[in-house]
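In: Have a look; sequence and predicted model below, questions after that.
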Amino acid sequence: MTVDLIFWIAALFGTGLLLISFIVGEVLEGVSGFFSDAIEGLADALHFDFDATPDIAGVAGGPHALNGPTIFAFTTLFGWGGILARSFGLGALGSSAVGLMSGLAAAVLIYGFYRLLYNQQSDSSYQISDLIGRAGECTVNIVPGSMGQVHVLFKGSGRYVTARSAQTINAGETVVIKKATGNIVEVAKEDS
């Protein structure tokens, strides 16, 4: 098998997978998962932990560096970079180096894009205790000994929580969350 044939196979295979994944989208997530599973199986056989995604800039987790799109991008640019280098008259070693550098650059670029998208996600999870000290609006009247409801803005989203109070609080009044027990908050009028 000649070097040119290897470059053409990589270029066409990678380009085909990228085009199909672009056109089909979510349907090919299984293909990406298949390649990721195959790589993880190889990593397990070599006793290497790919699941340990490193902390980057203090952010834990994120996309895996060896996901389908980064592998497809590497394969595609390895092939096309090698073909381009051969067309300029470089030998097998030189064109392989150009293909390798092109593939690595593409994979790093795609991985960086995935990291950027991952870091832009908002985290909407919260603990009820995170609401202590926050102001909210009573939406269902609260009388001592019974439950009501308050609306609180937290992390850019409105949260409706069950509330109780030692005071009578009417709907529409502003309250401050003083305490959280289980899924219920204790509130008081803002001015008290």
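Out: Structure received.

In: Provide a list of residues in contact with residue 63.
Out: Neighbour list for residue 63: 53, 111, 114, 115, 118 [criterion: Cβ atoms under 8 Å, 6 or more residues apart in numbering]. Using the backbone N, CA and C atoms, a C-beta is placed for each residue, glycine as well.

In: need these in JSON lines with neighbour count and pLDDT, can you?
Out: Below are those laid out as JSON lines (neighbours: other Cβ atoms under 10 Å; pLDDT from 0 to 100):
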{"residue": "53", "neighbour count": "14", "pLDDT": "49"}
{"residue": "111", "neighbour count": "20", "pLDDT": "88"}
{"residue": "114", "neighbour count": "17", "pLDDT": "82"}
{"residue": "115", "neighbour count": "16", "pLDDT": "82"}
{"residue": "118", "neighbour count": "13", "pLDDT": "77"}
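
In: Now intersect those with the helices, please.
Out: Judged by DSSP state H, the subset of the contacts of residue 63 located in helices is 111, 114, 115, 118.

In: ok, now how distant is the last one from residue 107?
Out: If I follow you right, that is residue 118. According to Cβ to Cβ, to the nearest Å, residue 118 stands 16 Å off from residue 107.

In: likewise the second one?
Out: Residue 114 sits 11 Å away from residue 107 when distances are taken as Cβ to Cβ.

In: Can you work out which residues contact both of those two?
Out: In contact with both residue 114 and residue 107: residue 70, using Cβ under 8 Å, 6+ apart.

In: could you say which helix or strand contains residue 76?
Out: In the assignment (DSSP states H and E), residue 76 maps to helix 68-87.
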